[in-house]
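**Student:** Need a 3D model of the following:
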Amino acid sequence: MGFDLYGLNPKGDIPKPVITDWEDEKQADDFFKYQDETPGSYFRANVWWWRPLWQYVTVVCYDILTEKDMERGDYNDGHRISKTKASRIASRLKKLDKNGSIMKYESEYKAYLKSLPREDCNICEGTGVREDEIGREAREKDEEYKCNGCLGEGKRDNFGTHYPFESEEVIRFAEFCEQSGGFEIC
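**Tutor:** Numbers count the residues shown, from 1 in each chain. As a prediction, this is how the structure comes out:
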C-alpha cells in the first residue's frame, strides 16, 4: 500500500495526457513521461515512508493545516490540500531544511528508533519455534526448524522501526508541494 499524491495544477509546459486505455503503451508512456518531466505532478511514498513524513509535516505545519487535513493526510482516500496550503508547506519545509531543523529531527528520530526495545515475536509468541501448521510441517522435514520470523531468537525488532524518516524525502516532498498547485492524496 502506498500514498500517491497528484498535483492539482502542476507547473510545467507539457499538457497532461488523457488516458483512455492503459493497455495502449503509447498512452501509458506519454502519461509517465508527463509525470517525470512535470514537477509537482506526482509524489509517491509507501505507507512506511509516508506516515513519518506526514507526521513531521503535521507537527511543523500545525498552523497551516486544519485538523481535518492532518487526519485525512494519513489516508489515501482523495483528500485535497489547496494550492495556498501546499505553497506554505513548501516554504516552511525549505526554511526548516535551511536552518538544519530537518536533519536534527532525522537524527533524533533515528536515535529514538534505535532505543526501541525488541519485542516478542508475534509468529512464535517469543518461543523461537512456530507451533502453527507451518511450523509443524517444517519440523517434520527438519528437526532443527526455527521460527522464520525471528530466526529462533523469540525476539524481533520493534514494529516502529519499519517507519523510517529521511530528510531527503522531506525535501523531495517540499519540492513537490511547491510545484503542485495543491494536491490530492490517493
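
**Student:** Pull the helix or strand bottoming out on mean pLDDT in the chain out as PDB, backbone CA atoms only.
**Tutor:** One helix or strand of the chain scores below all others by mean pLDDT, DSSP states H and E: helix 133-141, with a mean of 78. Backbone C-alpha positions of helix 133-141 (Å, rounded to 0.1, in the frame of the first residue of the first chain) are rendered in PDB as follows:
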ATOM      1  CA  GLU A 133       0.600 -25.800  10.900                       C
ATOM      2  CA  ILE A 134       3.500 -24.200   9.000                       C
ATOM      3  CA  GLY A 135       5.900 -24.900  11.900                       C
ATOM      4  CA  ARG A 136       4.700 -28.400  12.500                       C
ATOM      5  CA  GLU A 137       5.100 -29.300   8.800                       C
ATOM      6  CA  ALA A 138       8.600 -27.800   8.700                       C
ATOM      7  CA  ARG A 139       9.600 -29.600  11.800                       C
ATOM      8  CA  GLU A 140       8.500 -32.900  10.200                       C
ATOM      9  CA  LYS A 141      11.000 -32.200   7.400                       C
END
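
**Student:** Next, the buried residues of it.
**Tutor:** Gly135, Ala138 (16 or more other C-beta atoms under 10 Å). For glycine as for every other residue, the C-beta is placed from the backbone atoms N, C-alpha and C.

**Student:** give the contact list for Tyr34.
**Tutor:** Gly12, Ile14, Pro15, Lys16, Pro17, Ser41 (C-beta atoms under 8 Å, 6 or more residues apart in numbering).

**Student:** picking that back up, let me know the next secondary structure element after the least confident helix or strand of the chain.
**Tutor:** strand 155-156 (DSSP states H and E).

**Student:** Partner strands of that next one and their direction?
**Tutor:** Partner strands for strand 155-156, per DSSP bridges, with pairing direction: strand 119-120 (antiparallel).
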